[in-house]
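Colleague: coordinates for the following, if possible.
(one chain, ligands or ions: 1)
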Amino acid sequence: MVELKERPEPSLARINELIADYEGGKWALIPLLQKMQEEFGYIPPESTRLIAGAVGLFPAQVQGVISFYTQLYTKPQGRNVVRVCRGTACHVRGGKTILKLVKQHLGLEEGETSPDYEYTLETVACIGVCALAPNIVVGTSTYGHMNPKKVAQLFGSRKGEE
Ligand code: FES
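Modeller: Okay, the predicted model is just below:
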């Protein structure tokens, strides 16, 4: 079973602490957005104006950057983001079945987050380890040579919780 990671709720105090580490210039925007997301699981909307002030941009410019990168989220994500690879190598080695099984175990469709914020399910084009296909990524861990048994081992107890 995947170990769940706890994430703090965004507070203005913590947002300001994070920003203080990155103040200085436009170069800090992407690292700061990444840090914010790493901390909270998404970019809290209330942080946009503060980030903009810290790096010398307009809030709309910061918002534009957040919208451009699909890896940056503006809504809370699950504590565990599950990415099932739908690239060619994974597809021909059963990736479609793996995706179907993960959906069943989590009770989620692509792009959905569970109501308890434990999981978000996504698909990705290729994660770059095609030799291990089919692959899935949970958080920062990659699981290769996936099969129905491994999916059950990773998410098995989830099914019985609902
Ligand atoms: S196609 Fe899945 S890792 Fe490359």
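Colleague: ok, Ile66 touching Ala60?
Modeller: No: if you go by Cβ atoms under 8 Å, Ile66 and Ala60 don't touch, sitting 10.6 Å apart. Yep, even glycine has a C-beta here, placed from its N, CA and C like the rest.
Colleague: okay, the two: which has more neighbours?
Modeller: Ile66 (20 against 9; other Cβ atoms under 10 Å).
Colleague: excluding chain neighbours, what is closest to that one?
Modeller: Ranked by Cβ to Cβ, 6 or more residues apart in numbering and with sequence neighbours excluded, the top spatial neighbour of Ile66 is Leu72, at 4.9 Å.
Colleague: what parts of the protein come near the ligand?
Modeller: Contact residues (Cβ under 6 Å from any ligand atom) of the chain with the ligand: 85, 87-90, 126-130, 133, 135.
Colleague: out of the residues you listed, which one sits closest to the ligand?
Modeller: For those, the residue nearest the ligand by Cβ to the nearest ligand atom is Gly87; the value is 2.3 Å.
Colleague: before we move on, back to that, next one: phi and psi at the residue nearest to Ile66?
Modeller: For Leu72, the backbone dihedrals (degrees, to the nearest 10) come out as phi -100, psi 130.
Colleague: tell me the secondary structure for the spatially most central residue of the chain?
Modeller: Central residue of the chain (Cα atoms, centre = their mean): Val81, 4.3 Å from the mean position. Reduced to three states with DSSP: H, G, I helix; E, B strand; the rest coil, the structure at Val81 is strand.
Colleague: okay, and the beta partners of it?
Modeller: Assessed by DSSP bridges, Val81 has beta-bridge partners Thr120.
Colleague: which residues in the chain form helices?
Modeller: Assigned by DSSP state H, the helices in the chain fall at 12-20, 29-40, 48-55, 59-68, 88-90, 96-106, 148-161.
Colleague: now those helices as JSON lines including distance to Pro115 and mean pLDDT?
Modeller: Listed next are the helices of the chain as JSON lines, based on distance: least, Cβ to Cβ, whole Å; pLDDT from 0 to 100:
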{"stretch": "helix 12-20", "distance to Pro115": "24", "mean pLDDT": "91"}
{"stretch": "helix 29-40", "distance to Pro115": "18", "mean pLDDT": "92"}
{"stretch": "helix 48-55", "distance to Pro115": "26", "mean pLDDT": "93"}
{"stretch": "helix 59-68", "distance to Pro115": "24", "mean pLDDT": "95"}
{"stretch": "helix 88-90", "distance to Pro115": "28", "mean pLDDT": "97"}
{"stretch": "helix 96-106", "distance to Pro115": "12", "mean pLDDT": "97"}
{"stretch": "helix 148-161", "distance to Pro115": "12", "mean pLDDT": "79"}
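Colleague: many thanks, we can stop here.
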